[in-house]
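In: using only what follows, build the 3D model:
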Amino acid sequence: MVPLFQRILKLSGKYRGRIETAFLFSVLKAILSKMPLCVAFLMLSRFYTGAITAADCVTAAAVLCVSVLLEAFFQLMSDRLQSGAGYMMFAEQRMALGAHLRKLPMGYFTAGNIGKISSVLTTDMIFVEEIAMSSIANMMSYAFSAALMAVFLFYLDVRLGIIGLLVTVTAMVTAGKMNRISMKEAAGRQEQSEKLTDAVLSFTEGIAIIKSYNLLGEKSAELSNNFKWSRDKSLGFEEAMTPWQRGLNLIYACGMALLFGVSIYLQQTGSLTILYLMGLLLFVFDLFGPLKALYGEATRLTVMNSCLDRIESVCAEKELPDEGKKHIPERNHKAEIAFDHVTFAYHEKEVLKDVTFQIQPNTMTALVGPSGGGKSTAANLLARFWDVKSGCIRMRGEDIRDVPLAELMDHISVVFQRVYLFQDTIYQNISMGKTDASKEEVYEAARKARCYDFIMALPEGFDTVIGEGGTSLSGGEKQRISIARCILKDAPVVILDEATASVDADNERFIQEAISELVKGKTLLVIAHRLNTIRAAGQILVIDDGRVVQRGTHEALMKEKGIYRDYVDIREKAAGWSIDGLSRQI
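Out: Coordinates of the predicted model:
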């Protein structure tokens with residue numbers, strides 16, 4: 001219990017004093033809870049000796065009233081302090097964990113950890129929040145109660161005290177073994193809970209694909225299997241604990257029977273007075289009751305320990321260093337962006353290998369090449385979603401690792417391949433680009449992004465609340481809203497990650513017009529598959545297997561054999577393909 005108590009205090013921060021005070025009140029409450037038994041024993045003693053008086057009865061009644069009132073007061077104060085501090089403490093822990101997640105490299109979020117993060121922020125945090133304060137306080141109360149009763153047993157008779165001690169030690173050894181099994185089983189159950197969360201997220205996010213490919217039965221079966229495995233883990237946990245819990249109950253029952261038998265024997269042989277025998281009958285139930293409750297709480301705290309392990313494992317993930325003190329200068333350097341012998345590895349596999357290139361101010365550079373060649377990785381490294389393994393990336397001459405992340409982000413806008421909009425109003429989704437923007441600035445950004453008209457056609461206009469991820473809008477509409485956000489931000493460097501690769505034809509014209517507004521006077525790094533976008537680039541970099549294998553303008557690259565010319569030929573043939581042409585060939 002002590003290590004767990006220390007873990008909670010470590011998390012408590014500025015609420016440590018309140019939590020320690022709450023636990024102190026719990027101990028005082030536990031002591032006062034034994035006062036009625038003590039008074040009853042003393043009154044029996046006076047009655048047995050025939051020395052009881054009316055004054056004794058009044059005194060006993062007064063002591064009982066005061067002790068009950070104080071016990072209620074200490075319980076109230078303990079509950080108020082520990083629950084208030086507990087909820088506030090874990091609210092801050094959630095905020096701190098959120099801030100920590102914001103600083104982690106993007107690789108952490110693409111390594112199958114989404115389910116773990118969701119489980120930690122919800123299931124684990126809620127369990128610890130609701131259990132931690134009350135369970136630890138209860139354990140302290142039960143422990144002190146049991147200790148007081150043990151002292152009383154030794155006071156009655158050393159032999160009875162030794163029996164009580166032996167029973168307690170046997171129970172502790174059994175409970176220790178039970179807790180070790182519980183820790184192992186709890187870890188497995190929490191791990192399965194994480195997998196279940198992953199499965200549910202995957203199923204709900206991909207429900208449209210699942211239905212369109214008629215995979216509902218297959219995927220539902222996979223989800224059902226995860227629910228069954230989760231059920232089996234929970235049942236396995238209970239089945240593993242049940243024999244040990246029954247064993248503990250048997251130890252307590254045998255211990256109580258032994259104490260009764262020995263105490264009656266001692267009374268019959270004259271070693272124990274009838275008064276002490278009656279005292280034993282009063283107190284013995286209060287010895288094993290707290291012990292049983294103590295080990296019941298211990299099982300819950302074992303699960304809580306597992307939750308804390310998972311929370312701390314996320315908190316222990318290494319953040320991207322953000323200790324830069326330098327600043328990005330005004331445009332006085334020859335290159336706006338420079339990759340200098342950049343190498344990057346992901347899970348020990350090199351994705352970029354010794355990549356070097358420069359991007360001049362107010363120009364467009366297009367990254368072209370086979371899927372998986374490293375195009376998106378290069379763009380992500382510029383936005384510092386990861387850090388390079390070797391080499392460096394400079395913006396206007398400064399290594400981006402030496403610049404505060406917040407300042408670097410102020411200089412970069414990103415239109416992601418997969419647009420994500422938050423479950424909020426359209427106005428709030430656009431104003432994220434500049435939180436202090438006026439309404440007119442937001443409206444003007446929407447006009448430039450060619451989304452003002454369709455927004456105003458909605459029932460609530462800019463106050464329309466969109467579904468999580470923008471599910472209530474079409475792909476083209478979401479794309480234009482994300483571009484409006486970037487226009488409002490007005491950063492000097494823009495990264496377009498395949499921004500038009502999967503947009504329907506009806507929306508493409510509007511998106512191209514929106515992009516034209518976005519990139520005016522900007523330095524642009526674009527990953528695109530459309531020839532019109534690539535031809536307009538002042539510099540084309542062909543990336544294959546993590547290396548820049550060709551570079552130049554469209555005209556220059558078309559004059560030499562290589563990946564680029566083959567790529568363009570394939571695209572042009574695909575663009576000229578039609579159903580009519582195919583039917584004529586047939």
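In: next, the contact list for Arg310, please.
Out: Lys116, Ser119, Val120, Asp124, Gln190, Glu194 (C-beta atoms under 8 Å, 6 or more residues apart in numbering). In this view, the C-beta of every residue, glycine as well, is placed from N, C-alpha and C.
In: which of those residues lies closest to Leu496?
Out: When those are ranked by distance to Leu496 (C-beta to C-beta), Lys116 comes first, at 31.4 Å.
In: name the SS class of the closest one, please.
Out: For Lys116, the assignment made with DSSP: H, G, I helix; E, B strand; the rest coil gives helix.
In: doesn't Lys195 make contact with it?
Out: No - with contact defined as C-beta atoms under 8 Å, Lys116 does not count as touching Lys195 (9.3 Å).
In: so for those two, which sits in the more crowded spot?
Out: Of the pair Lys116 and Lys195, Lys116 is the one with more neighbours under other C-beta atoms under 10 Å, namely 22 against 17.
In: ok, the more buried one - contacts?
Out: If you count contacts by C-beta under 8 Å, 6+ apart, Lys116 has them with Glu194, Thr197, Arg310, Val314.
In: taking those, tell me the two that lie furthest apart.
Out: Farthest apart among the contacts of Lys116 by C-beta to C-beta are Thr197 and Val314. That separation is 13.6 Å.
In: in strands only, show me the contacts of Lys116.
Out: Within the contacts of Lys116, no residue falls in strands by DSSP state E.
In: can you select the buried ones from these in ChimeraX?
Out: Selection of buried members from the contacts of Lys116 for ChimeraX, criterion 16 or more other C-beta atoms under 10 Å:
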select :194,197,310,314
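In: among the contacts of Lys116, which lie within helices?
Out: Glu194, Thr197, Arg310, Val314 (DSSP state H).
In: isn't the second one up against Ser119?
Out: Yes - if you go by C-beta under 8 Å, Thr197 and Ser119 touch, sitting 4.8 Å apart.
In: would you map the helices across the stretch 251-400 of the chain?
Out: Taking DSSP state H, counting those that start in this stretch as the test, the helices found in the stretch 251-400 of the chain are 274-315, 375-382.
In: so which of those helices is the most surrounded?
Out: helix 375-382 (a mean of 22; mean count of other C-beta atoms under 10 Å).
In: just checking, what packs against that helix?
Out: strand 337-346, strand 349-359, strand 364-368, strand 493-497, strand 523-527 (3 or more C-beta pairs under 8 Å, 6 or more residues apart in numbering; DSSP states H and E).
In: now for Glu288: which residues touch it?
Out: Actually, residue 288 is Phe rather than Glu. Shown in contact with Phe288 (C-beta under 8 Å, 6+ apart): Val167, Tyr252, Gly255, Met256.
In: which ones are touching the third one?
Out: To tie it back to what came earlier, the one meant is Gly255. Counting by C-beta under 8 Å, 6+ apart, Gly255 touches Ile163, Gly164, Val167, Thr170, Ala171, Phe288.
In: repeat that with 7 Å
Out: The neighbours of Gly255, taking C-beta atoms under 7 Å, 6 or more residues apart in numbering as the test, are Val167, Phe288.
In: now do the second one
Out: Contacts for Tyr252 were tallied using C-beta under 7 Å, 6+ apart; they are Ala171, Phe288, Leu291, Lys292.
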